[in-house]
Every structure is written in C-alpha cells, then in structure tokens.
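Participant: Need the 3D shape of this:
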Amino acid sequence: MSTPSPVHVPDAFAAAYGKGNASRRAWIAELPRLAADFLDHWALRPDGPAEHGQASLVLPVIRADGEPAVLKFQQASEDNASAALGLRAWDGNGVVRLLDHDPDTGTMLLERLDAARPLSSVADDDTAMRILAELMARLVAVPAPPGVRHLADVAAAMLDEVPRAVPALRDPAERRLVRTCASAVAELIGESGDRLLHWDLHYDNVLAGRREPWLAIDPEPLAGDPGFDLWPALDSRWEEAVVTTGDVTRAVLRRFDLLTEVLGLDRQRATGWTLGRILQNALWDIEDGKTTLEPAQVTLGMTLLRRHTP
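Facilitator: Numbers count the residues shown, from 1 in each chain. As a prediction, the model looks like this:
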C-alpha cells in the first residue's frame with residue numbers, strides 16, 4: 001500500500017492552471033510525487049498547507065536546522081528558466097534568498113517571507129510605490145549574468161510579429177498606438193541595456209520579510225534597460241490608485257516620475273521602453289484571440305506619449 005503524499009495540490013490551482021492544457025495537467029499530476037522527493041532530498045518537513053499563485057505551488061517547510069523556508073514548484077518555461085541565475089546574482093539584495101535549486105525540475109528552496117503581507121497591503125500609494133521603486137533600483141544596479149535572456153532578442157521578436165498581429169485589432173486608434181509602440185522599440189533596440197531586470201515587479205510580488213522589511217519575489221530575469229521594468233509598477237492596483245482618483249493623467253505621471261526619479265532614468269528613454277511593454281502585452285492579448293486592447297494599456301500609453309513622445 002503506497003504512502004499518502006504529504007502535499008495536497010489545491011483544487012483551485014489544479015483547475016485554473018491545468019485548464020485546456022495537457023502538459024500542465026501532467027505536471028500537476030506529478031506535483032505530489034515531486035514534493036515528496038524534495039522533502040526527502042533536502043531533509044525538510046511540511047509546515048502548513050501548500051499555497052499557490054497563477055503558475056506556481058509554494059509549500060511552507062522547516063529545514064533540518066529549524067529554519068523556516070518554502071519549496072517552490074513551477075513548470076519550466078522560457079520565462080522562468082533563468083530564475084535561479086537571477087536570484088544567485090542578486091544574492092538576497094532586495095529579493096528573496098535562494099537556498100537551494102534543482103536545475104532539472106526548476107524546484108527552488110527559498111527563504112520564507114510573509115505571504116499574508118504583500119506590498120499591496122500598504123494603503124498609501126505613494127509610500128508603496130516608493131518602496132517598490134527603491135527595491136527596483138537595487139535590483140537593476142546588478143549587471144545581468146551570462147545565460148539570462150536579453151531584451152534585444154525579446155524586442156526583435158516583438159517587432160517581427162507586429163505586421164501580422166496589428167490587423168487583428170478592430171479600433172484604428174488602437175492599431176496606431178501599437179504601431180507607435182513598435183516605432184519606439186525600433187529606435188531603442190540598438191541600446192537595450194545590460195542590467196538584471198525582474199520583469200514582473202508589482203505590489204503583489206513584494207512581500208514583508210524578517211531580515212528586511214520588504215523583499216521581491218517571483219522574478220523572470222531579463223538582461224536589459226531598466227525602463228522595460230516600469231510597466232508592472234505603473235499598472236499596480238490600477239482601479240484603486242489610478243481610475244478612482246478622478247485624474248488619471250496626474251496619477252500615471254506621479255507614479256512614472258517617482259519611479260524614474262528613484263531609478264535615475266532618462267524619462268524619454270523610459271517612456272520608449274514602457275511603450276515596448278505595452279506592445280508586448282498587446283501582442284500577447286492578440287495571440288490569445290482578443291481584438292481590443294486593455295483600457296489600462298491604452299491609458300498608460302497615451303498618457304506617456306502626450307508628455308514624452310520618443
């Protein structure tokens with residue numbers, strides 16, 4: 001008789017992540033066995049139920065020395081392939097610390113942070129945005145190590161896709177916006193930078209810690225210009241912090257100016273790379289069958305274009 005796995009995969013995660021994708025369902029089915037193997041391999045014991053994000057499962061554990069940690073399981077993909085490389089390069093400076101890593105499965109043992117206290121729990125938006133900006137400044141101060149994907153390659157692939165993708169948008173104004181974003185990227189692609197970018201640094205990817213008040217989690221490391229990292233911050237808590245202010249332009253520019261000031265970025269260049277992020281999101285949406293852009297993307301893009309036309 002087989003021993004029951006000490007790990008239960010939450011039904012909500014299995015249903016949402018595995019929907020319509022056989023590869024994902026197969027990976028989910030393997031998770032209990034994978035978790036049991038790594039609990040044994042790294043001499044860990046479970047310390048509570050598994051939690052999950054959109055694409056990863058996190059199991060609280062206790063190490064043999066009594067220290068709390070978490071096991072993170074994520075299906076290997078191009079976006080997360082360099083996660084361990086990036087975490088090692090940052091070495092815990094402003095980001096969760098990597099304690100161990102299995103390159104074959106992508107399983108990571110990480111220091112435990114307070115998942116119940118994300119940066120989005122800080123009510124004052126200016127305070128939260130400054131905390132995020134200061135963390136981002138520390139992260140992008142590190143040069144990208146060899147082996148991390150490069151923004152130049154990502155940008156070139158986007159530009160190749162634009163002629164095929166744009167006709168799918170119904171609104172001529174949105175088609176013009178996407179082409180304008182592509183033009184901005186084309187002007188900047190020759191100087192795409194060499195900093196180590198997080199690529200997804202928003203309020204819910206910053207958690208309270210013990211050794212530091214706040215630490216970033218879940219990086220998708222990319223080598224490039226820090227301006228390409230601003231969009232997730234600008235889009236954080238959009239409905240509450242931007243739309244409900246009654247002055248969307250002021251709210252967007254306040255966030256943009258704070259981020260670029262703390263990071264010491266040229267605002268016109270940062271505008272161009274933020275338009276590149278809007279282009280990337282638009283291409284992903286079109287690939288998913290959408291024929292209109294997200295309103296927040298249009299608002300962010302048009303607001304920045306009005307003030308900082310590349």
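Participant: got the buried residues for the helix or strand hosting Thr127?
Facilitator: Using DSSP states H and E, Thr127 sits in helix 125-140. By neighbour count on 16 or more other CB atoms under 10 Å, the buried set for helix 125-140 is 125, 128-133, 135-137, 139-140. From N, CA and C alone the C-beta is placed, and that goes for glycine too.
Participant: do the same with stretch 265-274
Facilitator: Those would be 265, 267, 269-274, for stretch 265-274 by 16+ other CB under 10 Å.
Participant: pull the CA atoms of that stretch into CSV?
Facilitator: What follows is stretch 265-274, C-alpha atoms only, in CSV (Å, rounded to 0.1, in the frame of the first residue of the first chain):
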residue,chain,number,x,y,z
LEU,A,265,16.3,57.1,-15.6
ASP,A,266,16.1,59.4,-18.6
ARG,A,267,12.3,59.9,-18.9
GLN,A,268,12.1,59.9,-22.6
ARG,A,269,14.0,56.7,-22.9
ALA,A,270,12.0,55.2,-20.1
THR,A,271,8.8,56.2,-22.0
GLY,A,272,10.0,54.3,-25.1
TRP,A,273,10.7,51.1,-23.2
THR,A,274,7.4,51.4,-21.3
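Participant: can you list contacts of it?
Facilitator: Residues outside stretch 265-274 that contact it (CB atoms under 8 Å, 6 or more residues apart in numbering) are 184-185, 187-188, 225-228, 230-231, 234, 256-257, 259-260, 300, 304-305, 307-310.
Participant: In helices, which of these fall?
Facilitator: Within the contacts of stretch 265-274, residues falling in helices by DSSP state H are 184-185, 187-188, 231, 234, 256-257, 259-260, 300, 304-305, 307.
Participant: among those, which ones are buried?
Facilitator: Buried residues within these, defined by neighbour count using 16+ other CB under 10 Å: 184-185, 188, 231, 234, 256, 259-260, 300, 304-305.
Participant: What's the end-to-end length of stretch 55-68?
Facilitator: 23 Å (CA to CA, to the nearest Å).
Participant: I misspoke; the intended subject was stretch 235-243.
Facilitator: Using CA to CA, the end-to-end distance of stretch 235-243 comes to 11 Å.
Participant: And it, how far out from the chain middle?
Facilitator: Distance of stretch 235-243 from the chain centroid (CA atoms, centre = their mean, to the nearest Å) equals 17 Å.
Participant: which among the buried residues of helix 125-140 gets closest to Asn80?
Facilitator: Asn80 has its nearest neighbour among the buried residues of helix 125-140 in Leu139, at 16.4 Å by CB to CB.
Participant: residues in contact with the closest residue to Val95 other than its chain neighbours?
Facilitator: Nearest residue to Val95, sequence neighbours excluded (CB to CB, 6 or more residues apart in numbering): Ala216, at 4.5 Å. By CB under 8 Å, 6+ apart, the contact set of Ala216 is 94-96, 135, 139, 198, 201, 205-206.
Participant: Helices - which of the residues you listed land there?
Facilitator: Short answer: the contacts of Ala216 in helices (DSSP H) are 135, 139.
Participant: Show me the contact partners of stretch 140-158.
Facilitator: By CB under 8 Å, 6+ apart, the list of residues contacting stretch 140-158 reads 78, 81-82, 85-86, 88-90, 93, 182, 185, 188-189, 192-197, 221-226, 228-229, 263, 276, 279-280, 283.
Participant: picking up where we left off before, for the buried residues of helix 125-140, point out the one with the lowest pLDDT.
Facilitator: Lowest pLDDT within those is found at Asp125 (91).
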